[in-house]
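>>> Got a sequence here, can you build the structure:
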Amino acid sequence: MKCLRCPESAEKCIRDEIHLKKGFWRENNLTDIIVDCYNKETNCDGHEASNKGYCIKGSIGPLCEKCDIYGVRWGERYA
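Sure thing, here's the model as predicted:
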């Protein structure tokens, strides 16, 4: 196992967990590829444990730029 520095886009790292800062997104908690949400920074709120997919409620997809119009992720429809 190789030890790596906690990325600058992270609020904190605990063992193998990366807790993202607001404004950053990643596909899932198994990857260390972290992307800046440059188009809609406020939609990316990955440091909140209640958020699904590192997005604020109602947002989905890469960089949280789409609305959950079918209610697949959030159980309610958003437009």
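>>> So which residues of the protein form helices?
Counting by DSSP state H, one finds no helices in the chain.
>>> so how far is the first residue of stretch 17-37 from its last?
20 Å (Cα to Cα, to the nearest Å).
>>> what does stretch 38-58 give?
With Cα to Cα as the measure, stretch 38-58 spans 18 Å from end to end.
>>> same check, this time on stretch 19-26
Length of stretch 19-26, first residue to last, Cα to Cα: 11 Å.
>>> Repeat that for stretch 3-17.
Stretch 3-17 end-to-end distance (Cα to Cα) = 12 Å.
>>> residue closest to the middle of the chain?
Closest to where the C-alpha atoms of the chain average out (Cα atoms, centre = their mean) is Tyr54, at 2.3 Å.
>>> what sits against Cys6?
Lys12, Cys13, Ile18 (Cβ atoms under 8 Å, 6 or more residues apart in numbering). C-beta: built from backbone N, CA, C; applies to glycine.
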